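Enquirer: show me the folded form of this:
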Amino acid sequence: MGTLPAHAAAPADTDAAPGALDRVVSSYTPTLRALHHARRRAARAAGGGTLVVSVAEAAGQAALPGARSEAEHLARLLPGAELLADAAATRSAVLSALHRHAYARFACHALGDLERASGSRLVLHDHTERPLTVRELARLRLPSVRLAYLSSCDTLLTSPELADEAVHIVSAFQMAGFPHAVGSLWHVDDMIGREVVLGVYDALDRGDGTLDVARTAEATARRRTDPARHLSQTPSRWACQVPAGP
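Expert: The predicted structure is shown next:
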């Protein structure tokens, strides 16, 4: 069930009939224990500041033309945001910065490893030499973080043999301390992903550098089905983006 986009369910015979997102706002959790811990962490006092990581071009991967402009827009939107772009977005720089920020946004590729789920990784600038894997992320202890947003592809991908254990990049961020996380079930269209995430951050922005993360699932749902963007009739283009948290 964790890999089924139930939030995109709708009658097949008519466009006018209400679908799942007309009735509920969905947020996923890999296990009940993860939900319990997320709720406890969400109640704690959080730090501040936003980390924006953007890798528009990486070795062996297709270019992401929308990643750089998206990252620059978010850095302007959120006062005090730290931007790590392209060559600056290394494994060591990202690991160091995660400890200093409550919110993290990744605009980069991700690679899911179906044979060894703990080896799934974010595609940072030096990913071929020093990959940032699920194993490393899950070992972090970040008590003051609030939201990780990853529109990277396959961040919720897990091995069929480990389907009941939900070992993937999003769950690794949750284990590290993020009570709220947004990931993807399959390939994210670069430009659509950019539109959705900018809309979500606009909706969550309090204007003082902090985000109203309690509304993450609602904001994600509303931007995915915004009629002005004509996405609601093609769920294959937006249903991959899934919020997880309390």
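Enquirer: host element of residue 124?
Expert: Using DSSP states H and E, residue 124 sits within no helix or strand.
Enquirer: from memory it sits against residue 54, does it?
Expert: No: using Cβ atoms under 8 Å, residue 124 is not in contact with residue 54; the gap is 10.3 Å. Yep, even glycine has a C-beta here, placed from its N, CA and C like the rest.
Enquirer: neighbours around residue 42, how many?
Expert: Counted by other Cβ atoms under 10 Å, the residues lying close to residue 42 total 16.
Enquirer: leaving out chain neighbours, which residue sits closest to it?
Expert: residue 179 (4.1 Å; Cβ to Cβ, 6 or more residues apart in numbering).
Enquirer: got the confidence number for the one you found?
Expert: What the model reports for residue 179 is a pLDDT of 91.
Enquirer: cool, the one 10 residues further on as well?
Expert: In the predicted model, residue 189 carries a pLDDT score of 75.
Enquirer: ok, the closest residue to residue 61 other than its chain neighbours to residue 142 distance?
Expert: The shortest distance from residue 61 to any non-neighbouring residue, by Cβ to Cβ, 6+ apart, is to residue 109 (4.7 Å). Distance, residue 109 to residue 142, using Cβ to Cβ, to the nearest Å: 23 Å.
Enquirer: I figured residue 148 was touching residue 182, is that so?
Expert: Yes: shown here, residue 148 and residue 182 form a contact pair, counting by Cβ under 8 Å, at 7.4 Å.
Enquirer: shared neighbours of the two, anything?
Expert: Residues touching both residue 148 and residue 182 by Cβ atoms under 8 Å, 6 or more residues apart in numbering: residue 170.
Enquirer: for this protein, what's the longest helix?
Expert: helix 190-204 (DSSP state H).
Enquirer: following that helix, which helix or strand comes up?
Expert: With elements assigned by DSSP H and E, the helix or strand that comes after helix 190-204 is helix 216-224.
Enquirer: just the pLDDT at residue 139, thanks.
Expert: 93.
Enquirer: ok, now which ones touch it?
Expert: Neighbouring residues of residue 139 by Cβ under 8 Å, 6+ apart: residue 176.
Enquirer: and it, how far from residue 151?
Expert: For residue 139, the distance to residue 151 - Cβ to Cβ - is 24 Å.
Enquirer: what about residue 7, distance to residue 27?
Expert: With distances taken as Cβ to Cβ, residue 7 is found 9 Å from residue 27.
Enquirer: more neighbours: which of residue 124 and residue 54?
Expert: residue 124 (27 against 24).
Enquirer: which residues of the chain score low on pLDDT?
Expert: Where the chain drops to pLDDT under 70, the residues are 1-3, 13-17, 45-47, 153-167, 223-233.
Enquirer: what segments of the protein are helices?
Expert: In the chain, the helices defined using DSSP H lie at 32-42, 65-77, 91-98, 134-139, 169-176, 190-204, 216-224.
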